[in-house]
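Visitor: Okay, predicted coordinates and the sequence, questions at the end:
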Amino acid sequence: MIEYQQHTLSNGLTVLAHRDPTTRMAAVNLLYRVGSRNENPSRTGFAHLFEHLMFRGTRRVPDFDIPVQQACGENNAFTTNDYTDYYITLPKDNVETALWLESDRMTGLHITPTALETEKKVVIEEFNQRYLNQPYGDQWMLLRALAYRVHPYRWATIGLTPEHIALATHEEVMAFYHRYYTPSNAILSVAGDIAPERVFELAEKWFGGIENTTSELTTANAIPFEPRQTAPRREEVRRRVPADSVTIAFRMGGRTSRDFYLCDLISDLLAGGTSARLYRHLVQEQKLFSSVNAYITGDIDPGLFIATGQLLPGITPAQGEEALWQEFEALKRTPVTAYELEKVKNKFEAETLFGELNVMNKAMNLGFYEMLGDQSLLNGEVAIFRSITAEEVAEASRRIFLPDHSSTLIYLADHDQA
Amino acid sequence: MIKHSPRRPSIVIPQRIDVPRSVSHTLPNGVQLHVIDCTEREVVRISFVFRAGSSLQEVPFSASATANLLSEGAEHFTSQQIAEQLDFYGSYYDVSLDRDYAVVTFCALSKFLPQTLELAREILLHPSFPQEEVTTYCTKRKQRLAVERSKISVQARELFSQHLFGATHPYGVVHPEERYDTLTRSDIIAFYQRHYTAPNCFVVCSGHVGPVEEGLIAALAADIPQGGDNSLPQLPPPTAERFAFGPYPDAVQSAIRMGRVLFPRPHPDFIAMQVAATVLGGYFGSRLVQNLREQHGYTYGAFATMVNLQETGYLAIATEVAAGATADALRQIFTEIERLRRDPVPESELRMVRNILLGEVMRILDGPFGIADVTIENIQNGTDNGYLDRFLHEVRDITPERIREVADRYLAPEDFTTVVAGDAALHPDIEPILPKK
């Protein structure tokens, strides 16, 4: 249970404060409602490149990291398809340093052409290291391209290709900044042993003077709606990987729909822990896969349910696929038992509690649920999970696990090259 | 756009840190139980630490197999029943293994602690290592290891251990994945009986641990059997080699690992070397990151750290760089090492590094799970949480000259082991760069 208070500054900045008297650390989280979904399709990877540039300094603070580190702090950021999140943890006595730095880079970003060129190289190396130079590293990129045709979820946050990153210009960087990095497009959340009134006072002091300039946002390009999928999709690739793999993705509902919780629960039935079905049946008993997993993407707009596994030697992808489909069929046909349902609900409750043990996670959660537009979910998801019935699980399975709604990606190990 | 700009806030450096001390008891079987009570959380974490790491195994993979198969079947419950019940209570179960220790951890909601401990009893005291589970495990792990080894970073890491310590040294040895084919159930049982015993064990618990909870945990820990073997093998001296190259066809990046064997944490120069390593590559604005990432754009990240093992310790530098930049990246790393040996660290940079280390300690102590991790590490090193006070004192008092002096003494480039995994075409360019003895 995370208690909090909320306040909005006159420039539109949303501020959330959670008091935790048990810690000397404070966490400051600043979330901007912009992600790779907002990118120009010929400049994919831009939101993530921009996140890197936010550390390249302002006129007043040429190196963002130095003052954070001087204040015994640590900071980082990440970009998703839906939003970009910046966070700092530091001793609570230095919380103003974090607010000062975040307010400064909300208005004063100073990117030189050299800094842009170097950062493009760094991001291209990140592309290489994480996506191109790893076995199965491009799996997520291939799967997105297969499952989505028009929605910007068809590309990963790193982008479609390193060339897009190389093409980014200084003008594009500044236009993106002015368009999306504004108070009313941001959510500030603070957790620590600080009274909420004090947090609001400090927010006013550091952010209150920033003018809001988001009129352009109202004319922002609408995100294209992904049309209904009507036929199975499939791709097979040959790669230098140690084992064949099978991945099947299904379309599911958005983050705030009940579908999300149903799918989350189903993914736990299939793959939440070593007692879950896929591991028990397909790894332990049938010995088809060396590893299996099922998870959901958790995107704001309708996302994906994914089941995936690496095959043991001598097992064909067709056998692996068949086995996964039998698990989907079992979910449709046989209602889950009260015991199994209780198990995944208990697990969800414990994981929620384990995830609320430090100030960083709490500040991040506050920002995330505010972005979703439904703060009741912050402390309400355990109850939603608890309310799910066996019949609902079967009904959702019948609706979701349809061949016509599936995208299947097969990796064939290229042993000649290995 | 900004109407007024308030002045930069002043920074407060916490003058002391409240390090929670553990309350310790010795149980009748000799096991030490360390308790850190943070009652405000309705969760409990218990870690059973055994001197059962991979350097103690005689049969390849027997240490990790023992640790990983503890929960795969016991006297009263099958593997599936254990997994089912742990999941049913939402209890988190984890086994981590390093070269010296196996740590078996349970986290439970307070309301499910008794049930979780009942399972812990089966897992720790009555594992049966069923033949079928052993067979499945070996097949699976063999394949997973092959997957891991197809990663350039793993290839570099293994090559580095081999060449830093020597290919047959317990800290350096790398076994072919085929050795899983000959690992037997009796190898695992033998390892379990020798190492999962009271003389090899201590227990750390944190979270909501009142008298009732403590009593339940002590009752289990007191039943860990006596016996086994806690004599420690005399490790041979490391036989470091200067250079190795691992070919990785068409790699767009090269993985670089460099370092040298030094000493374990109790050594009087360890903390000074830890500060030196932090200056070099221990944080995001470190010299290696500034050079390789910010100035040259060769890499996404670069790190340097002092690694602490039970019998020794070593400095390690790691980065992955664009293939074409490999040779120059190595040159830049040696340049940064030379600078650290030659010039005292500017006071402003040192002040920042001190604050980073202070902040790291405060951050890890935020929350009962982090406190347990710190406590375990201190006990492994033969100290207690009072060590953190001494650590922070030394960090606060360290001088630029002292850092220069230890860097000069311990970081002579000709003493380094350097390993590169990357495109074979790069090989001829690299060896000539390395400083000669």
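Guide: Thanks, I have the structure now.
Visitor: Pull stretch B:18-30 out as CSV, backbone CA atoms only.
Guide: Taking C-alpha atoms only, stretch B:18-30 is exported to CSV below (Å, rounded to 0.1, in the frame of the first residue of the first chain):
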residue,chain,number,x,y,z
ASP,B,18,23.2,4.2,10.8
VAL,B,19,24.3,0.8,9.9
PRO,B,20,21.9,-1.7,11.4
ARG,B,21,23.8,-4.2,13.5
SER,B,22,22.7,-7.8,13.5
VAL,B,23,22.0,-9.7,16.7
SER,B,24,23.9,-13.0,16.6
HIS,B,25,23.5,-16.3,18.4
THR,B,26,25.3,-19.5,18.2
LEU,B,27,22.9,-22.5,17.9
PRO,B,28,23.8,-25.8,19.6
ASN,B,29,25.1,-27.3,16.3
GLY,B,30,27.5,-24.3,16.0
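Visitor: residues in contact with the residue most central in space within chain A?
Guide: For chain A, the residue sitting closest to the mean C-alpha position, by CA atoms, centre = their mean, is A:Thr80 at 4.8 Å. By CB atoms under 8 Å, 6 or more residues apart in numbering or on different chains, the contact set of A:Thr80 is A:35-36, A:157, A:299. In this view, the C-beta of every residue, glycine as well, is placed from N, C-alpha and C.
Visitor: And these, which of them are buried?
Guide: Among those, those classed as buried by 16 or more other CB atoms under 10 Å in any protein chain shown are A:35-36, A:157, A:299.
Visitor: how about those in TSV, adding pLDDT, secondary structure and distance to chain B?
Guide: What follows is those, written out as TSV (pLDDT from 0 to 100; DSSP: H, G, I helix; E, B strand; the rest coil; distance: CB to the nearest CB, whole Å):
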residue	pLDDT	secondary structure	distance to chain B
A:Gly35	96	coil	20
A:Ser36	96	helix	18
A:Thr157	94	coil	14
A:Asp299	93	coil	25
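Visitor: Could you check how far the nearest residue to B:Ser54 once chain neighbours are set aside is from chain A?
Guide: Of all residues not flanking B:Ser54 in the chain, B:Ala63 sits nearest, at 4.4 Å (CB to CB, 6 or more residues apart in numbering or on different chains). In this structure, B:Ala63 and chain A are 20 Å apart, going by CB to the nearest CB, to the nearest Å.
Visitor: which residues in the stretch 251-400 of chain A form strands?
Guide: Ranges of strands in the stretch 251-400 of chain A, per DSSP state E, counting those that start in this stretch, are A:289-296, A:304-311.
Visitor: The stretch 101-250 of chain B: helices as residue ranges?
Guide: B:113-125, B:131-149, B:152-165, B:185-195, B:211-221 (DSSP state H, counting those that start in this stretch).
Visitor: and of those helices, who's closest to chain A?
Guide: Chain A sits nearest to helix B:131-149 of all the helices of the stretch 101-250 of chain B, at 4.3 Å, using CB to the nearest CB.
Visitor: hang on, the earlier thing: which single one of the contacts of A:Thr80 is nearest to B:Asn308?
Guide: A:Thr157 (35.7 Å; CB to CB).
Visitor: Might you list the low-confidence residue ranges for the stretch 101-250 of chain A?
Guide: In the predicted model, the stretch 101-250 of chain A carries pLDDT under 70 at residues A:214-221.
Visitor: could you redo the last one with a cut-off of 50?
Guide: A:218-219 (pLDDT under 50).
Visitor: who's in contact with stretch A:159-170?
Guide: Counting by CB under 8 Å, 6+ apart, A:36, A:42-46, A:48-49, A:111, A:113, A:116, A:120, A:123-124, A:127-128, A:141, A:145 sit against stretch A:159-170.
Visitor: B:Gly30 contacts B:Gln226, doesn't it?
Guide: Yes - counting by CB atoms under 8 Å, B:Gly30 touches B:Gln226, with 7.3 Å between them.
Visitor: what do those two both touch?
Guide: Common neighbours of B:Gly30 and B:Gln226 (CB under 8 Å, 6+ apart) are B:198-199.
Visitor: Looking at those two now, which is surrounded by more residues?
Guide: Neighbour comparison, B:Gly30 and B:Gln226: the larger count goes to B:Gly30, with 14 against 11 (by other CB atoms under 10 Å in any protein chain shown).
Visitor: ok, and the closest non-adjacent residue to the closest residue to chain B within the stretch 1-150 of chain A?
Guide: As assessed by CB to the nearest CB, chain B sits closest to A:Lys121 within the stretch 1-150 of chain A, at 2.9 Å. Nearest residue to A:Lys121 in three dimensions, chain neighbours excluded: B:Gly297, at 2.9 Å (CB to CB, 6+ apart).
Visitor: show me what contacts the one you found?
Guide: B:Gly297 neighbours (CB under 8 Å, 6+ apart): A:117-122, A:125.
Visitor: Mind checking which of those residues are buried?
Guide: Among the contacts of B:Gly297, those buried by neighbour count (16+ other CB under 10 Å) are A:118-122, A:125.
Visitor: Now render those residues as a markdown table, adding secondary structure.
Guide: As requested, the buried ones among the contacts of B:Gly297 are exported to a markdown table (DSSP: H, G, I helix; E, B strand; the rest coil):
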| residue | secondary structure |
| --- | --- |
| A:Thr118 | helix |
| A:Glu119 | helix |
| A:Lys120 | helix |
| A:Lys121 | helix |
| A:Val122 | helix |
| A:Glu125 | helix |
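Visitor: As TSV, these with distance to A:Ala338 would be great.
Guide: As requested, the buried ones among the contacts of B:Gly297 are exported to TSV (distance: CB to CB, whole Å):
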residue	distance to A:Ala338
A:Thr118	58
A:Glu119	54
A:Lys120	55
A:Lys121	56
A:Val122	52
A:Glu125	51
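Visitor: what's the most buried one of the strands of the stretch 251-400 of chain A?
Guide: The highest mean neighbour count among the strands of the stretch 251-400 of chain A, using mean count of other CB atoms under 10 Å in any protein chain shown, belongs to strand A:304-311: a mean of 25.
Visitor: on that earlier part again, between the strands of the stretch 251-400 of chain A, which one is closest to B:Gln162.
Guide: Closest among the strands of the stretch 251-400 of chain A, using CB to CB: strand A:289-296, at 25.6 Å.
Visitor: Who does that closest one pair with, and is each partner parallel or antiparallel?
Guide: Take DSSP bridges as the rule and strand A:289-296 pairs in its sheet with strand A:304-311 (antiparallel).
Visitor: For the strand it pairs with, give me every contacting residue.
Guide: A:139, A:143, A:147, A:243-252, A:263, A:266-267, A:270-271, A:278, A:282, A:288-297, A:317, A:319-320, A:324, A:327-328, A:400, B:143, B:147.
Visitor: can you count the residues close to the residue in the stretch 201-350 of chain A that chain B sits nearest to?
Guide: Of all residues in the stretch 201-350 of chain A, A:Ala350 sits closest to chain B, at 2.8 Å by CB to the nearest CB. By other CB under 10 Å, the residues close to A:Ala350 number 21.
Visitor: And the one 3 residues further on, by the same measure?
Guide: Using other CB under 10 Å, the number of residues around A:Leu353 comes to 18.
Visitor: sorry, back to before: need the strands of the stretch 251-400 of chain A in a markdown table with mean pLDDT, can you?
Guide: Listed next are the strands of the stretch 251-400 of chain A as a markdown table, based on pLDDT from 0 to 100:
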| stretch | mean pLDDT |
| --- | --- |
| strand A:289-296 | 95 |
| strand A:304-311 | 97 |
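Visitor: among those, which is nearest B:Glu118?
Guide: strand A:289-296 (28.5 Å).
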